[in-house]
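Participant: Test case, fold it:
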Amino acid sequence: MTMMSKMELENLLEELEKHKGRHTELITVYVSAGYDVVSVQKQLEAEKSTAKNIKSTATRKNVVDALDKIVRYIKDLKKNPENGLAIFCGNVSKVEGMDDLQLWAVEPYLPLKSRLYRCDKDFVLEPLRELLEVSEIFALLVMDRKEATIGMLEGKRIEILQKMTSGVPSKVRAGGQSSQRFHRITEGLTKEFYKRIADEMKKIFYENKKLKGILIGGPIPTKDEFVENEYLPTTLQNKIIGRIDIGGSDESGLKELVEKSWDILANQEIIYEKKLMEKFFDTLGSKPDFVVYKQDAVKKALEYGAVDTLLLSKDYDRELMKELRVIADANGTKVEMVSTETEEGKQFFQLSGVGALLRYKL
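Facilitator: Next up is the predicted model:
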C-alpha cells in the first residue's frame, strides 16, 4: 500500500461523499496508527455474525458481503501501515437490485488517531477531513516607512490580510532648525506606524494556535528597527523566524518574501512543490532524454519500470490519474501531486498535467 498524499486524499473524499446507501449498509473502518490489525479482523468477523440477524435480505447480503471483502483485504495486508488505515466498503450501485461492491483503502499522509467501525447510509469521513485541515500557518509582513502589507502563508496559498500606509512625508524641503524639527516629526510618525503594524499583527495572529512562525521582509533599516525595538508582543516577537531583505512592501513583496525564505520554509508545501517543478523543468531543458510528459509516453515508461517519479496535476483527468497511479504502485514508483496554486504548477498543467522523471533513458 502506498501512502496517500494530501491532494489524493482530497480527491478521494470528493468521490466517497457521492456514495449513498439505500439502508445502513456502507461500512467504514478506521484503524489508528500502531493498532494491531489482527484485532480489527477478529472484530469484523464477530460483526458478520451480528449482521446475519438483519431482517432485510438485501441489506443483510450487502453488509455481509462488504465485511467479507474487508476481512479478506486485511488478511492480505498482514500488518497495519505506518500511519494507520481507513477502509470504506459497500454496494454503491445506483440501480436497486444490482451489485457494485467497491472497497477503498487509505493510508493517509499523517497518522490516524481514530479507531472506528460503523455501518451506515454514508461513509464516515470526518476523521480524514480533520487531517486535511492545515496544521500550521506562517504570518507574513513586508514593510517600509511608507506602507506595510500583512499576509499569511497557508499551505501553498498566500493570502493578503491587511494593507496599511504611514502618512510619513518622503522628502525634507526645509533647512536648518526646520529640518531638525521635520526629522523629529517624521521619526514620531514612523514609530506610530510601527505601533499600528504591531497592533494589527496582534489582532490577527495573537490567539491563532496554528501560527508556526513569522517572516518579516523589507529594506534593511526599516524591518530591523521594527524587530530590534520589539514592537510586537513577546509571544509574537518570539515567533519571528526570519528577516529577509526585499524591496517591495505590497502583494509582490509577500511573494518575494516567501521565495527568499526557501531555507526557512524548506518543509513547507509551497517550497517543496517549487523545487519539484524546478527539477522537472531543469531536467527537461538539460537532459530531455530523462523526462517524458505526454500521456502515452508516461504510461509506456511506467510499464517499463523506468519512472523514478510520476508527476500528476491535481486538475488532471481523474480516470487517467487512477490508471497511471495503479501502474506506478505496481512498479514501486514515487508519485507526486502538483497543485495549480503556484505559477510552476499552472505551467505544468498547461504543458500536459502529467510527467515523469526517469531512472534511465528509454
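
Participant: Please count neighbours and contacts with C-alpha atoms only from this point.
Facilitator: Fine.

Participant: what's the straight distance from one end of stretch 233-250 to the other?
Facilitator: End-to-end distance of stretch 233-250: 24 Å, with C-alpha to C-alpha, to the nearest Å as the criterion.

Participant: pLDDT averaged over that stretch, what's the number?
Facilitator: Averaged over stretch 233-250, pLDDT sits at 95.

Participant: Likewise for stretch 45-57?
Facilitator: 92.

Participant: what does that stretch contact?
Facilitator: 60, 63-64, 67-68, 71 (C-alpha atoms under 8 Å, 6 or more residues apart in numbering).

Participant: In those, which residue is surrounded by the most others?
Facilitator: Among the contacts of stretch 45-57, the one with the most neighbours (other C-alpha atoms under 10 Å) is Val63, at 26 neighbours.

Participant: Surely it is in contact with Thr28?
Facilitator: No - the criterion here is C-alpha atoms under 8 Å, and Val63 misses it with Thr28 at 11.2 Å.

Participant: intersection of neighbour lists for these two?
Facilitator: Joint contacts of Val63 and Thr28 (C-alpha under 8 Å, 6+ apart) are Cys119.

Participant: Please, which helix or strand holds the nearest residue to Arg118 once chain neighbours are set aside?
Facilitator: Spatially, and ignoring its direct neighbours in sequence, Arg118 is nearest to Thr28 (5.3 Å; C-alpha to C-alpha, 6 or more residues apart in numbering). Using DSSP states H and E, Thr28 falls within strand 26-31.

Participant: which of the residues in the helix or strand following that strand are buried?
Facilitator: Proceeding N to C from strand 26-31, the next assigned helix or strand is helix 37-51, under DSSP H and E. By neighbour count with 16 or more other C-alpha atoms under 10 Å, helix 37-51 contains the buried residues 37, 40-41, 44-45, 48, 51.

Participant: Please compute how far helix 37-51 lies from its chain's middle.
Facilitator: Mean-position distance between helix 37-51 and its chain equals 34 Å (C-alpha atoms, centre = their mean, to the nearest Å).

Participant: In the very next helix or strand once past that helix, which residues are buried?
Facilitator: Note on helix 37-51: by DSSP H and E, the next helix or strand toward the C-terminus is helix 57-77. Along helix 57-77, these residues count as buried under the neighbour rule (16+ other C-alpha under 10 Å): 59-67, 69-71, 74.

Participant: just for this structure, where's the confidence low?
Facilitator: Counting by pLDDT under 70, the chain has low-confidence residues at 1, 134, 170-177, 267.

Participant: residue boundaries of the strands in it?
Facilitator: Under the criterion DSSP state E, the chain carries strands at the ranges 26-31, 85-91, 101-106, 116-120, 137-143, 147-154, 157-165, 211-218, 240-245, 291-292, 307-313, 334-338, 354-358.
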